[in-house]
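K.L.:
how would this look folded up:
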Amino acid sequence: MKNSAIAIIPARYGSTRLPGKPLMDINGKPMIIRVWEIVSRVLPTYVATDDQRIFDVVHKAGGDAIMTSSASENGTARVHEALLKLKIRPEIILNIQGDEPLVSDHDINVLLLLMKRESVKIGTLVTSISQEDLISGNNCFVDRSPDGMCQEFSRTTANFSFKKYRHIGMYGFNASILSKLVLLKRTDGEKRERLEQLRWKENGYEIYSSIVPEGGVGVDTLEDLKSIRKGFRRDL
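P.N.:
Have a look, this model is predicted:
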């Protein structure tokens, strides 16, 4: 599997809520390096960025970085652009967020296992929902049927018909489908919910999921960053 799959971590400098967050320090290391160190233990890993500072930090740490356009619409487009610049052609590409420094080897391997299923062209991960998840405005929830298919993605669970989970922002793509996804136009659902995966769903693409015990925590605000730092301090 290791020879047929790679991971690409999109790392944009200009975050709306927390500019420069890939370079923010987490107990002595930039956040992007924290993520890269974990992911690269499992797969050949590349950081796709639009910023020379991020590029330089990754290279200094011994990683592989690829410069991509600042005009890339989203993380998926940045991953695709980086893939086109690579000379390798893997069967599977994982898109792992650069703002989740608590990503685990276990979760990456679970997603890889899901992507080995012949029927799965797009895969992702879900976990159980806590009360805190429900009151946060930053989470995405998944209506998941017993076969693992994601029937719906939403910021609320009000209209779900199956079993509800919290979405973990990590994707696996079959190489044959990634180039098709980046050509799709934004849909009404995506605009309403601010969720790119609705663009794929509303164009007829199936998304399957696997359940993990607990997902990583994304860094969207300074409060998130402070919480993450405390967690790393306890682990030292």
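
K.L.:
how far away is residue 34 from residue 11?
P.N.:
12 Å (Cβ to Cβ, to the nearest Å). All C-beta atoms are positioned from the backbone trio N, CA, C, and that covers glycine.

K.L.:
after the helix or strand that contains residue 111 comes which helix or strand?
P.N.:
In this assignment (DSSP states H and E), residue 111 forms part of helix 105-115. Under the assignment DSSP H and E, the closest C-terminal helix or strand after helix 105-115 is strand 122-127.

K.L.:
Name every strand pairing with that next one and say which way it goes.
P.N.:
When sheet partners are counted by DSSP bridges, strand 122-127 sits next to strand 163-174 (antiparallel), strand 208-211 (parallel).

K.L.:
Flag the shaky bits of the chain, pLDDT-wise.
P.N.:
Scanning the chain for pLDDT under 70 picks out 1-3, 16-17, 215-217, 219-221, 231-236.

K.L.:
those strands in the chain, which residues are they?
P.N.:
5-11, 25-26, 29-30, 45-49, 64-67, 92-96, 122-127, 141-144, 150-154, 163-174, 208-211 (DSSP state E).

K.L.:
now the longest one and strand 92-96, what's the angle there?
P.N.:
What that stands for is strand 163-174. 130 degrees (axes from the mean of the first three to the mean of the last three Cα atoms, to 10 degrees).

K.L.:
Likewise for the fourth one?
P.N.:
Interaxial angle, strand 45-49 versus strand 92-96 (the same axes, to 10 degrees): 60 degrees.

K.L.:
Can you give me the buried ones in strand 45-49?
P.N.:
Within strand 45-49, the residues that count as buried by 16 or more other Cβ atoms under 10 Å are 45-49.

K.L.:
Could you single out the nearest of the residues you listed to residue 105?
P.N.:
Nearest to residue 105 among these: residue 45, at 12.2 Å, using Cβ to Cβ.

K.L.:
Which strand residues bridge that closest one?
P.N.:
Under the criterion used (DSSP bridges), residue 45 bridges to residue 7.

K.L.:
show me the contacts for it.
P.N.:
6-9, 36, 39, 63-64 (Cβ atoms under 8 Å, 6 or more residues apart in numbering).

K.L.:
residues contacting residue 57?
P.N.:
Counting by Cβ under 8 Å, 6+ apart, residue 57 has contacts 23, 30, 32-33.

K.L.:
can you list these in JSON lines and add distance to residue 227 and neighbour count?
P.N.:
Below are the contacts of residue 57 laid out as JSON lines (distance: Cβ to Cβ, whole Å; neighbours: other Cβ atoms under 10 Å):
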{"residue": "23", "distance to residue 227": "18", "neighbour count": "16"}
{"residue": "30", "distance to residue 227": "17", "neighbour count": "24"}
{"residue": "32", "distance to residue 227": "18", "neighbour count": "26"}
{"residue": "33", "distance to residue 227": "19", "neighbour count": "24"}
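
K.L.:
Show me which of the contacts of residue 45 are buried.
P.N.:
Looks like the contacts of residue 45 have 6-9, 36, 39, 63-64 buried, using 16+ other Cβ under 10 Å.
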